[in-house]
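Asker: predicted model follows, preceded by the sequence.
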Amino acid sequence: MTTSTEADEENRPKAEPRAPLSDPGWWRGLLGIGFGKSFWGFLAFAVVAGAAAYLVLGVFVDVPSETAVVWTLLGGVLAVGFLTLVEASSHPSRHVELAVHAMVRGRYAPWFWFGALAGVLAPAVLAVIALSVDSTSAGLVVPAAVLALAGMFAAETAFVRAGQAVPLS
């Protein structure tokens, strides 16, 4: 004979196992960000990474419409810059405020500022120069692409490490 507790256990719907990396809630919890912000951030990073890879590839093979790729890189780094500004200025909780302080002024500030300057400002300036002189020469666009990738790596390193450095309770 089964007890009511055992019967309840048998009738309870079972949760399907999910890989943590495929669960958006897991990412929001890990990174401490909302879905909308993370979606746009990942999208902007994907645009920058794709354009940067395409520009570096252009050194080895003929890339059609390289000017459009430079415009894409410029738009992507401007979007990343805007989202970085939003992340650095929003403090929905005391824990986020502490993490932002660690990222912008504290232990991870060198990583963050390298990412902001080398990953956003420098590629944007180089892309604007390349577009204004109507030149997509490798001397301008490849350094912009490499700096954009290095800057994204540095800024995201600061973002993740600062978020994990703050105690949650």
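Answerer: Received the coordinates, thanks.

Asker: please make it C-alpha for all contacts and neighbour counts, starting now.
Answerer: Noted.

Asker: ok, and what's touching the one helix or strand residue 97 maps to?
Answerer: Assigned by DSSP states H and E, residue 97 falls within helix 94-104. Applying Cα atoms under 8 Å, 6 or more residues apart in numbering, the external contacts of helix 94-104 come out as 32, 87-88, 90-91, 108-109, 112-113, 158-159, 162-168.

Asker: list the buried residues of that helix.
Answerer: Neighbour counts over helix 94-104 (16 or more other Cα atoms under 10 Å) mark 95, 96, 97, 98, 99, 100, 101, 102, 103, 104 as buried.

Asker: next SSE after that helix?
Answerer: Next along from helix 94-104, by DSSP H and E: helix 109-116.

Asker: avg pLDDT for that next one?
Answerer: For helix 109-116, mean pLDDT rounds to 93.

Asker: do a quick rundown of the helices in this protein.
Answerer: Applying DSSP state H to the chain gives helices spanning 4-11, 24-31, 35-57, 66-89, 94-104, 109-116, 122-132, 138-165.

Asker: if I average pLDDT within each of those helices, which one is lowest?
Answerer: helix 24-31 (a mean of 52).

Asker: ok, now which ones touch residue 148?
Answerer: 48, 49, 52, 77, 118, 119, 120, 122, 123.

Asker: try it again with 10 Å
Answerer: 45, 48-49, 51-52, 73-74, 76-77, 80, 115-124, 142, 154 (Cα atoms under 10 Å, 6 or more residues apart in numbering).

Asker: repeat for residue 48
Answerer: Taking Cα under 10 Å, 6+ apart, we find residue 48 in contact with 42, 54, 69-70, 72-80, 119-120, 145, 148-149, 152.

Asker: and residue 83, by the same measure?
Answerer: 37, 38, 40, 41, 44, 77, 89.

Asker: what about residue 145, how many residues nearby?
Answerer: A total of 30 residues lie near residue 145 under the criterion other Cα atoms under 10 Å.

Asker: now it: closest residue in space that isn't a chain neighbour?
Answerer: residue 52 (4.3 Å; Cα to Cα, 6 or more residues apart in numbering).

Asker: good, wrapping up.
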